[in-house]
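# give me the fold of what follows.
(3 chains)
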Amino acid sequence: MTINVAQLCELLQGELVGDGETEIHGPSQIDKGVPGTVTFLANPKYEDFAYTTEASALIVSRDFTPRNPLKASMIKVDDVYGAMMSLVEKFGDVIPREAGISKNADVANDFVLADQVSVGAHSVIEPGVTIGKHSVIYPQVFIGRGTKIGEHVTLYPGVRIYPGTIIGDRCIVHSNAVIGCDGFGYRPDEKGHYKKIRHAGKVVLENDVEIGANTVIDRGTLAVTTVGEGSKIDNLVQIAHNVVIGKHTVIAAQAGIAGSASIGNHARIGGQVGIAGHIHLADQIEIQAQSGVHSGKHPKGSKLFGYPAIRYNDYLKSYALFRQLPDYKKRIEELEKQISALKGDTQ
Amino acid sequence: MTINVAQLCELLQGELVGDGETEIHGPSQIDKGVPGTVTFLANPKYEDFAYTTEASALIVSRDFTPRNPLKASMIKVDDVYGAMMSLVEKFGDVIPREAGISKNADVANDFVLADQVSVGAHSVIEPGVTIGKHSVIYPQVFIGRGTKIGEHVTLYPGVRIYPGTIIGDRCIVHSNAVIGCDGFGYRPDEKGHYKKIRHAGKVVLENDVEIGANTVIDRGTLAVTTVGEGSKIDNLVQIAHNVVIGKHTVIAAQAGIAGSASIGNHARIGGQVGIAGHIHLADQIEIQAQSGVHSGKHPKGSKLFGYPAIRYNDYLKSYALFRQLPDYKKRIEELEKQISALKGDTQ
Amino acid sequence: MTINVAQLCELLQGELVGDGETEIHGPSQIDKGVPGTVTFLANPKYEDFAYTTEASALIVSRDFTPRNPLKASMIKVDDVYGAMMSLVEKFGDVIPREAGISKNADVANDFVLADQVSVGAHSVIEPGVTIGKHSVIYPQVFIGRGTKIGEHVTLYPGVRIYPGTIIGDRCIVHSNAVIGCDGFGYRPDEKGHYKKIRHAGKVVLENDVEIGANTVIDRGTLAVTTVGEGSKIDNLVQIAHNVVIGKHTVIAAQAGIAGSASIGNHARIGGQVGIAGHIHLADQIEIQAQSGVHSGKHPKGSKLFGYPAIRYNDYLKSYALFRQLPDYKKRIEELEKQISALKGDTQ
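All right, here's what the predicted structure looks like:
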């Protein structure tokens, strides 16, 4: 698709400052813009690049006033980020997967193909599986017995769904994620040999959930491991058996949630965070990357940091002093010396 | 399967308190019990749920005396957890995989199918592989040249076994785990360019090992990376080249063991723990989640915490004071002021 | 291959001390050497094993003088490690993959098979893909639309390449790694519901890059996520959208690099390290395992440790005092008591 700057501006209901004739063939990042592309300035931290970018058009906020001359034409809009997102959609050339079942897929006899569903090559669909319309099963996916998949779902290559999983509408699961495998549950006998605990539960992903590549979600022991509506889980995350994650919660890469923990709604969990088993975290909790949360006593909306995690600001204050410990050590030694001397004086 | 409460009680050799007529069709978790299910109370922490659960039957310990009225019938047994586990097995409807080689699998000419072995669609078995009887290779598995697999082994969809791996009897490997890939070994030349070190070793999983989804175990450089008998490894764990893990050791999700480290028997490694290369950890070591173990000097049975890890209780004590550092800072400043004043007084 | 010790010595241009007749059929690790193998002593830490190893030949440095009698014949060379590496290559029996396209692969109509390329069973190659000569695509690999792959590349079973990825010459990608999936980018609406940000960027792996098993590299939002020439990434690493990694940098297992961060050349990132988004790290930075780097202000060549990461030695000093905090607590209390007493005295 090609469009000129003026047309672009009209499309975005923006205000044009500069030349409108240049042809635009795609979007670019501000520090890597090339002629013929449109870029944007949303984060003020990147303002310097506005003056050096080679992009032909620059989308800015209505109230932006450049402090230096710009090479790019400016398109002023109310919502910079929203404008850019809609352009990315516009320029994108998503090629829809062909509907139907690949001749190289292995599909159970009882499978009924819904409207506009695509099942790719070398995918396996076991008996008792249902898939809602407009869903896309890429090649090389495994869907275990009795799994129920909603409409407009996308499962990327290599996704493994163990039996009995339930996946809501519009969910996206990225490559090589594993949903519904057994939890890490064993019972040691008197010799300390571990006997496997059978996992009879399952996993439910509610509507509009996205699961990152290589993430693992264990099935419940007896109950259901749940990811709530609209929650987004990044890559390489571990979600153990019986965990319940609320709605509209985000969990960054490589975080791990131990067994039977639950997390509220609208929480934000940083990368590589660990959350201990059997605790409940309140809504809107925000956890700094790499923290280890051992307790569920933090009130709603708390911002946490540390290992074990405490209040974010408290951690920073203590850590600043941690860094100065060698200095405090000397001051304590000096105090001891002076006290000694004083005691000598007063004796 | 359906059974009534009295029959269930007899099966478990328990003592019935309450109605025996209700039909039971499955197990449930105590806080999520529904009528027609049996649940259990093993952890006293969950006792409150015993009085509110909707489950029809509640398995408790012989010495349990409810402090409030129960809705559920009680089944008193010697071993609550064991009873529940045997019920889960009983109610479970595991459907065995069909024996034989799927017509859509790719199997080397020299492969000899043992008794009751199942090889799923789109799996690949390279030359020189042997698989013991009653083993199940799910679809989409890759088994490299010369791999030896024992009896009653289960490899879930997407497991990748690099050549020359040895897997003992009754091992279970979950989806997308990778066993036997090259270790992370390079040698920088004089320009700091890394030259790959060829990995000529292999991986051995002894009998009764379970490996979680998306876990990776590197082959040895020259020697053998080993997971000892009965050890259980959770999801997303990294086990580097030449590592030796003892017997009956458990390693929780996302832990990482660096190259040439070794871990004793009956150890318990928490989630996201890191263990440095080339150290040896004694038997029965217990490591708190997220700790970083840099030394092998900890005696048998040590409980460790921290980064670098120290004794568990020492870490907790120091961390409690870390949290109070802002207070100690003030106290030190106050002491300095008072000393100053005193020195003025005494001069 | 079999060769005797004297022939081996000649091959390595070494100096023989001891018997040259014994036949050698392979390499071994010094602490696990068996008769008929050659081993090596490079790390002085392992010297004790030199006197106990059962290996028939021991490669040592020219200046090595044993302090005890050796059972093995000694081969003295200039570069012990290099000699051993060349032997491993020599004894290795790498069986080349058959060139051509497996009849069970799914390859787009427009795919042109280059010289000596192998495409394994159950692999999928989408339209618009090019693969350079001598590259090996193992079974069960997915290569999305428009991906460009160089010469002498190896993609192991289960690798997933999302559309538009560019992979340079001699790259190696291990099993179940995922390259080019969407980044973790959402925009919350006024209700806190997350709307997915379309990812229009891509991933570029420059020449001679190696990617470990189950590692994930997200595509750029608009720009390119890049791994620079000669860089090596271990298993289970997370590389988020828009990250740029320099040349000849190594990143150990389970490290995570957050969005839009960049890392210089010749850096060394330890296992389980976390690097915050939008920071730039200088060349030759060295980061201790499990550290969390929150700032890009560290000069070239810095060695970092901690959480947030500070200078390595500073962290160790502060941590040593952290461990002694209970002692300092007592000393501060004692000081307070003494000051109190002194004030009483002087009043």
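# stretch A:177-189 near chain B anywhere?
Yes - using Cβ under 8 Å from any Cβ of the partner chain, stretch A:177-189 comes into contact with chain B via A:178, A:181-182, A:184, A:186-187. For glycine as for every other residue, the C-beta is placed from the backbone atoms N, C-alpha and C.
# out of these, who's the most crowded?
Within the residues of stretch A:177-189 next to chain B, most neighbours by other Cβ atoms under 10 Å in any protein chain shown means A:V178, with 30 neighbours.
# okay, and the beta partners of that one?
Judged by DSSP bridges, the bridge partners of A:V178 are A:R160, A:V216.
# pretty sure it sits against A:V216.
Yes - between A:V178 and A:V216 there is a contact at 4.8 Å, judged by Cβ atoms under 8 Å.
# who touches both of these two?
B:213-214, B:235 (Cβ atoms under 8 Å, 6 or more residues apart in numbering or on different chains).
# of the residues of stretch A:177-189 next to chain B, which is the nearest to B:H193?
Nearest to B:H193 among the residues of stretch A:177-189 next to chain B, counting by Cβ to Cβ, is A:V178 at 36.1 Å.
# circling back to that earlier point, so can I have TSV of the shared contacts of A:V178 and A:V216 showing neighbour count and pLDDT?
Shown next, in TSV, are the shared contacts of A:V178 and A:V216 (neighbours: other Cβ atoms under 10 Å in any protein chain shown; pLDDT from 0 to 100):
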residue	neighbour count	pLDDT
B:A213	32	98
B:N214	32	98
B:N235	33	98
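# can you narrow those down to the ones near chain C?
With Cβ under 8 Å from any Cβ as the criterion, those include B:N214 near chain C.
# low-confidence stretches in chain A?
A:1, A:93, A:345-347 (pLDDT under 70).
# remind me, longest helix of it?
helix A:325-346 (DSSP state H).
# in that helix, what counts as buried?
For helix A:325-346, a neighbour-count test (16 or more other Cβ atoms under 10 Å in any protein chain shown) marks A:325, A:328-329, A:332, A:335-336, A:338-339, A:342 as buried.
# so A:D218 makes contact with A:I239?
Yes - between A:D218 and A:I239 there is a contact under Cβ under 8 Å: 6.7 Å.
# which neighbours do those two share?
Contact criterion Cβ under 8 Å, 6+ apart; residues shared by A:D218 and A:I239: A:T225.
# residues contacting A:Q272?
Counting by Cβ under 8 Å, 6+ apart, A:Q272 touches A:252-255, A:289-290, B:272, C:256, C:272, C:274, C:292.
# top of these by neighbour count?
Highest neighbour count within the contacts of A:Q272: A:Q254, with 32 neighbours (other Cβ under 10 Å).
# separation between that residue and C:G292?
For A:Q254, the distance to C:G292 equals 12 Å [Cβ to Cβ, to the nearest Å].
# identify the contacts common to those two.
Applying Cβ under 8 Å, 6+ apart, one finds that A:Q254 and C:G292 are jointly contacted by A:272, C:274.
# now the helices for chain A?
Under the criterion DSSP H, helices of chain A are mapped to A:5-11, A:47-50, A:80-91, A:312-323, A:325-346.
# quick one: mark the members of the residues of stretch A:177-189 next to chain B that sit in strands.
Among the residues of stretch A:177-189 next to chain B, the members falling in strands (DSSP state E) are A:178, A:181, A:186-187.
# ok now stretch A:214-230, how far from the chain's centre?
Taking Cα atoms, centre = their mean, to the nearest Å, one finds the center of stretch A:214-230 at 16 Å from the center of the full chain.
# the spatially most central residue of chain A: what's it in contact with?
Taking Cα atoms, centre = their mean as the criterion, A:D234 is the residue nearest the geometric centre of chain A, at 3.5 Å. Going by Cβ under 8 Å, 6+ apart, A:D234 touches A:212, A:215, A:250-255, A:271, C:184, C:238.
# of those residues, which is the nearest to C:E151?
C:Q238 (28.5 Å).
# tell me how many other residues surround the closest one.
C:Q238 has 28 nearby residues by other Cβ under 10 Å.
# and it, how far is that from chain A?
According to Cβ to the nearest Cβ, to the nearest Å, C:Q238 and chain A sit 4 Å apart.
# identify the bridge partners of that residue.
Beta-bridge pairing of C:Q238 under DSSP bridges involves C:V216, C:G256.
# gap between it and B:E206?
Counting by Cβ to Cβ - C:Q238 and B:E206 are separated by 31 Å.
# then A:V178?
In this view, A:V178 and B:E206 are 24 Å apart by Cβ to Cβ.
# A:S135 too?
Distance from A:S135 to B:E206, counting by Cβ to Cβ: 42 Å.
# higher neighbour count, those two?
With neighbours defined as other Cβ under 10 Å, A:S135 and B:E206 compare such that A:S135 has more, 24 against 20.
# outside of stretch A:86-101 itself, list whatever touches it.
A:1, A:8, A:11-12, A:25-27, A:38, A:59, A:107, A:113, A:116-120, A:136, A:138, C:145, C:197-198, C:200, C:222.
# please save the CA atoms from that stretch in CSV.
Output of stretch A:86-101 as CSV, limited to C-alpha atoms (Å, rounded to 0.1, in the frame of the first residue of the first chain):
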residue,chain,number,x,y,z
SER,A,86,-3.9,2.1,13.3
LEU,A,87,-1.3,2.8,10.6
VAL,A,88,0.6,-0.4,11.5
GLU,A,89,-2.6,-2.3,11.0
LYS,A,90,-3.2,-0.5,7.7
PHE,A,91,0.3,-1.1,6.2
GLY,A,92,0.4,-4.7,7.5
ASP,A,93,-0.1,-7.4,4.9
VAL,A,94,-1.5,-10.2,7.1
ILE,A,95,-2.1,-13.1,4.8
PRO,A,96,-5.0,-15.2,6.2
ARG,A,97,-4.4,-18.9,6.7
GLU,A,98,-6.3,-21.0,4.3
ALA,A,99,-9.5,-22.5,5.8
GLY,A,100,-9.8,-26.2,6.0
ILE,A,101,-7.8,-29.2,7.2
